[in-house]
Each structure stands twice: as structure tokens, then as C-alpha cells.
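Student: just coords:
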């Protein structure tokens, strides 16, 4: 009999087999929280980027690869409520890589750190047939400000920062420019910028910090790196809740539906991924205060409900406050999965 | 003109170009020390292992890959004087990898952590054409016990823990078994064990800890992952000192010189690498106390001298207390370098 292969069980199947080796109290969030002396814990998170999987010469110059690798990690720290302190960089490259590519990669990393905080604290460097960048980020978080994926409670307002789907649109512009011939250049460039230089939402963490004085329980957040729908699914699973989401409130990229149609715009907004925004579940008054601080790109998109045990496999209902579409369960199936079986 | 390639400037050339992007106070050691509240800092270190470069199906079953990946990181923590707390694991695998390989990898990691301390605090998982394992380890170190690569002082005794060259001998046994036909099986197996399941010397750190009450300055250590000669070179460079090393005192694998000749035994002891032992520079009385605690595999192999500015490119002299060989400078050239130009 052939041995079972990981592309037969998929990323989630493999994670299920490996989960038992991990410390249960440290996993299941965007990062792990390590207790420390004083009132501030450490948050640690890691991301691995592989040429041809997460980036390519067609879509991401080296500077963008470095920026995105750091931004992905800082976004995970933001989702924990943590401020960045340091990163380590493990880098594997083919011998024929140009020196300029490696230097540009580091310039991109340093530029992102320069804007959002944190220093490069060393790393490792080796040869590989495939360009691979692995970054681990360390941040500090006041214990009373940590955000957790399992902390959503019925009655919480679901808030998203920023636009979703723009990174996916930017990727499409880079891969299939002919499809976007009628889209104004400025709009195309804004989507490309969203894909190549995403902005981790540490500003949202700073905006939440003063509000936590009113907090009597942990609040919930996750980043949307694997897509908005994936974040909603993960939060509903880890918090054991249901949700109702208003599709009319979803923050779609301006102009996208006009040029590519409503179905594609909705699909990329929900499943596009790599926007590195935050999805939060907060008491309604806190949600309002946060949205008023963050401005028009933050939005309340739904509400957390008691878990409906009869609909545990369909925990999220997509409604439409404009009345144009019927209610339907939000599919989790289209969310990206490595080694999809 | 063709762009400059990294295999034209080599690992050290590339590191020199990238160093400026890193925080100067955090690099240049086996790990970075991050200040924390209280009297204990955090040490962080990262290692990347690539199939065909650091391991292969011929020499290292998956369990050994996992063990070695963790041991390499814990060895870096030991070299900082730190106790392991947690690791993150970033893993990239081809889709046709067997599930058993991934599970065995994690079993090897968990076994090493179970023996030496530390928990798996999550990570990342993705597809890649090449098996790649990137581990970042976090440890705690009392500020007055931290060991630094730049802390060797003239008059210090140079101590090594354990045997050097056994890992290289084990690799040779696995790759060229016919060359070792006359070597007793038990000896072959001990070398294979040294290669597949190296032991990070956290016991040496525990043995040093009570001695640090007598310390009025930082002491010096580095691990010998890139070879004993490399560790001596790095310490001499970072500490700006010269050294004299007695080849008769070097801890060679028993039996190796008998079976493969003295030249190969010396070469593998100095340049073999991956023994994951410690090289320390300590006040002589402390060195004696440590060696008496660690037992016969620890040895004083030399002495730190004032830097001889006329011999800055040959800072280490290899002598022979038995008088059989003339003094000669220790070459740093044969030490392994990725992207060797």
C-alpha cells in the first residue's frame, strides 16, 4: 500500500495530526503569548514565504517580498494586540540569485520595520534551490490588552479595518493586465500597491489601547491574511459562536464591482486574502468608538450570536440589509488551503 | 554586464552586505539578547534546514531531521547561557511528502524538547518543491549569566565540551560505508548517533551557573555547529584576541585516527562541524572547575593571548605539546561556507 501523502489530507488534515505535538495553551491564535515578568507578555509569530507559492518575479519585486514578509508577521502581532520589538530572518537562496535581489529584500524588510517598529535581530542564511524567507517576529503586549481569537461573545459587533479584496485585485492586474484594460490606471495602481506593500494595522491596536481601560474581559481579533471569510470562520470556531454578516456592509475595493461585476468583487472581498487587515469582535460601544477613530475604511459588518448547534457546520449567515439578496450560509470552502486535497 | 551573483561573493560576502540592515547590538552572537523586565533577558536564535543541504533521506530519517533542527537551536541558546522556553516551527514541504515523514519530524522535535526543555508554540506550514524546516528558539537567561562571543580575554583558558569530529565521521559512515569496513560496528554506530542525534550542551550551562557567582565580567562561549576551528576563529575575531591551541589536547573521536589516519582525524575534528558542542573562554580556575564537573569529554585545549597585530590574519597558532609537529597557524579557510565563491 502506498504511504499516505500530505496532498491527500490537505493542510488542515496535516495540522490536525501535528497539533498534539504543540503546547495547547500556546497555539490556536495569530501568535503565541509567552508569559514574562512584569505586566507585559511576549507575543511570537512566524511566517514562511516560498518563491512560486507566496511571491514571484512577475508580481513582487524583491523589495516587496521583504516588505510583505515583515508586514505579514507584524499583522499577526497586531492581531494579538502586541507592539513589534524584533524579527529574525532565515533566508534560503539559490546560488545564482543576484546580490541586488537579496539587498532589495532586506531594504524592503527594513523599510516596513522603519515605519511600524522593530529591529532585525539576526537570522540564518543558506543555499536552497528555491528562494525561501522565514521570519519570526517578537512583540510585547500588556496583559490587559491582549486580543484573542477565542474571545468573541454573543452581542459583540464584528468590525473590520480597511478594504478587503484589493490585494487579490492587485495580483490579478499583475498577472492578467489585459483583463483590466478599461480600469483607470490610478485604480489599478492602488490595487497593485495593496498587493505589494500591505499595511499591518498597528494603528488600530494603538487606537484600541486607551479603550481597554473599560474592558472587563478579553476582546477578540484575528488578522485577515487568509481572507476575510477565513477569519470569520476561525473566530466562530475558536469562540464557539455563530455570526450574522451584512454583505452590503463589506468593505469592497471602490470600483471593483463596476469593472469586474458584483460576483467577482464579493468573492475577492471574502476569499481574496493577503489584505492583512484586522477582524475584531468588540462590545458595540467600543466598536463605534474604534470605527470613529479609524475613519471611513473601518466598518461594522455584523454581529456575534449564540452558537446555533443545529447549524454548527454553517455558523455564519450572509444577509443583505439592502434586501436585494436572500440570506445564505457563508461558505468556508473557497478559503485558500495549502496541499488542497 | 551580468548582475553580481551571491555565489560570486559567498556567504560571508553576502552577510557583510546585509549586516547594515540589522541592529548592531543584537547580532554577532549565537543568538540575540532582548532585554526584558526583571533580571532575566530573552535569547532568540533561528536556524534553517534545507533538504539536500543540511539533511537527506540517505543520512537522516525524519525523526533525526526534527531532533537535529531543535538541537541546533538549543545549542545556540546554550552558547548564550540561556534555558530553552519555546520554539516556533515553519515547515515547507512538497505535496507528495508522506504524512508519516511530517509526523516523524515532529516526533523528533518533541523528543529533543522533552529531554532538554521547551515547548512548540506554533508555526507555519506551506507547500514548497524542497523540504525546508525553519526553527526559531526562545530562551531565558539571567543577565549575570549570559555568555558572549566577544568576551574572551588574554589569560583565559579555552575549553571545549565533548568530542569533535564524530558527527562528520558519522556522515561519512552513512555516505561511504565501504570505507569503514574494518571499523567495529559499535564505533560506527556511535558516530552515526553523534550525527543523527547530537546533544545540545545545556548540562554545561547548568554546570557553569553556580560558578557565575564568582564572575566580575561576562564570560565567553560559542557553539561549534560550524566546526571547532570556525568557533575559535569567530571568538578570536569578535573578542579581538589571539590564541594558542594544543593539537594534542583536541578531543578527537576515539579510534578515528587509528582507522582513517591522523590527518583525516585532525581535519574532521577541526573542520567537521555539526557536533553542537560548546567552545568557551574562561578564567583558568573556572575552567578547571567546569572540566572537573563535566568529566573526561571536556578539555582545556588552549589559551587566549593578547592580539598580535602583526598576525591578525593568522590569530590562532596550533602547537603540539608532544613535540611531534611544528607550530603552524590554524587555517580558517576550510570551514564550511554556503555559496562558497
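Tutor: Structure's in. What do you need? Model, not experiment: these values are computed from the prediction.

Student: And the helices in the stretch 151-300 of chain A?
Tutor: For the stretch 151-300 of chain A, applying DSSP state H, counting those that start in this stretch gives helices covering A:166-175, A:185-196, A:202-208, A:228-239, A:256-260, A:262-271, A:284-294.

Student: ugh, wrong one, the stretch 1-150 of chain A
Tutor: With DSSP H, counting those that start in this stretch as the criterion, the stretch 1-150 of chain A has helices at A:6-18, A:62-80, A:99-116.

Student: tell me the most buried of those helices?
Tutor: helix A:62-80 (a mean of 27; mean count of other CB atoms under 10 Å in any protein chain shown). In short, each C-beta sits where N, CA and C put it, glycine included.

Student: Do that one and chain B come into contact?
Tutor: No: using CB under 8 Å from any CB of the partner chain, helix A:62-80 stays clear of chain B, with a minimum separation of 9.4 Å.

Student: Then stretch A:91-106?
Tutor: Yes: counting by CB under 8 Å from any CB, chain B is contacted by stretch A:91-106 at A:91-93, A:95-100, A:102-103, A:106.

Student: what's the burial count for the closest residue to chain B within the stretch 201-341 of chain A?
Tutor: Per CB to the nearest CB, residue A:338 is where the stretch 201-341 of chain A lies closest to chain B, at 4.7 Å. Counted by other CB atoms under 10 Å in any protein chain shown, the residues lying close to residue A:338 total 21.

Student: okay if I get the helices of the stretch 1-150 of chain A as a markdown table plus mean pLDDT?
Tutor: A markdown table is the format used below for those (pLDDT from 0 to 100):
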| stretch | mean pLDDT |
| --- | --- |
| helix A:6-18 | 92 |
| helix A:62-80 | 97 |
| helix A:99-116 | 98 |
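
Student: Redo the ones you listed as a markdown table? Include distance to residue B:128.
Tutor: Formatted as a markdown table, those follow (distance: least, CB to CB, whole Å):
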| stretch | distance to residue B:128 |
| --- | --- |
| helix A:6-18 | 12 |
| helix A:62-80 | 15 |
| helix A:99-116 | 17 |
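
Student: Indicate which one of those is closest to residue A:244.
Tutor: Nearest to residue A:244 among the helices of the stretch 1-150 of chain A is helix A:62-80 (22.4 Å), distances taken as CB to CB.

Student: got the angle for the closest one vs helix A:228-239?
Tutor: Computed by axes from the mean of the first three to the mean of the last three CA atoms, to 10 degrees, the angle separating helix A:62-80 from helix A:228-239 equals 30 degrees.

Student: chain center to helix A:62-80, what's the gap?
Tutor: Mean-position distance between helix A:62-80 and its chain equals 10 Å (CA atoms, centre = their mean, to the nearest Å).

Student: Kindly calculate the angle that it makes with helix A:166-175.
Tutor: 170 degrees.

Student: tell me the angle helix A:62-80 makes with helix A:185-196.
Tutor: Using the same axes, to 10 degrees: helix A:62-80 against helix A:185-196 is 70 degrees.

Student: how much does helix A:62-80 deviate in direction from helix A:99-116?
Tutor: Counting by the same axes, to 10 degrees, helix A:62-80 lies at 30 degrees to helix A:99-116.

Student: Make JSON lines from the helices of the stretch 151-300 of chain A and add mean neighbour count and mean pLDDT to it.
Tutor: Output for the helices of the stretch 151-300 of chain A, formatted as JSON lines (neighbours: other CB atoms under 10 Å in any protein chain shown; pLDDT from 0 to 100):
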{"stretch": "helix A:166-175", "mean neighbour count": "23", "mean pLDDT": "96"}
{"stretch": "helix A:185-196", "mean neighbour count": "18", "mean pLDDT": "97"}
{"stretch": "helix A:202-208", "mean neighbour count": "19", "mean pLDDT": "95"}
{"stretch": "helix A:228-239", "mean neighbour count": "23", "mean pLDDT": "95"}
{"stretch": "helix A:256-260", "mean neighbour count": "18", "mean pLDDT": "94"}
{"stretch": "helix A:262-271", "mean neighbour count": "19", "mean pLDDT": "95"}
{"stretch": "helix A:284-294", "mean neighbour count": "16", "mean pLDDT": "96"}
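
Student: any chance of those helices in TSV, with distance to residue A:314 too?
Tutor: Conversion of the helices of the stretch 151-300 of chain A to TSV gives the following (distance: least, CB to CB, whole Å):
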stretch	distance to residue A:314
helix A:166-175	24
helix A:185-196	30
helix A:202-208	29
helix A:228-239	10
helix A:256-260	25
helix A:262-271	15
helix A:284-294	24
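
Student: quick one: contacts for the residue positioned nearest the centre of chain A?
Tutor: In chain A, the C-alpha nearest the mean C-alpha coordinate belongs to residue A:225, at 2.2 Å (CA atoms, centre = their mean). By CB atoms under 8 Å, 6 or more residues apart in numbering or on different chains, the residues touching residue A:225 are A:72, A:75-76, A:273-276.

Student: Try it again at 6 Å.
Tutor: When contacts are counted by CB atoms under 6 Å, 6 or more residues apart in numbering or on different chains, residue A:225 touches residue A:276.

Student: okay, it: pLDDT?
Tutor: Note on residue A:225: pLDDT of 94.

Student: quick one, phi/psi of it?
Tutor: Here is the backbone geometry of residue A:225 (degrees, to the nearest 10): phi -60, psi -40.

Student: The nearest residue to residue A:60 once chain neighbours are set aside and residue A:61: what is the separation?
Tutor: Once flanking residues are discounted, residue A:60 sits nearest to residue A:196: 6.0 Å by CB to CB, 6 or more residues apart in numbering or on different chains. Residue A:196 sits 8 Å away from residue A:61, going by CB to CB, to the nearest Å.

Student: How far off centre is stretch A:71-82?
Tutor: 9 Å.

Student: which residues are in contact with that stretch?
Tutor: Residues outside stretch A:71-82 that contact it (CB under 6 Å, 6+ apart) are A:30-31, A:43, A:45, A:47, A:84, A:112, A:116, A:135, A:137, A:139, A:141, A:145-147, A:198, A:200-202, A:205, A:221-223, A:276.

Student: With stretch A:84-96 instead?
Tutor: The contact list for stretch A:84-96 (CB under 6 Å, 6+ apart) reads A:74, A:77, A:117-129, A:131-140, B:5, B:7, B:34, B:46, B:48, B:50, B:134, B:136, B:339.
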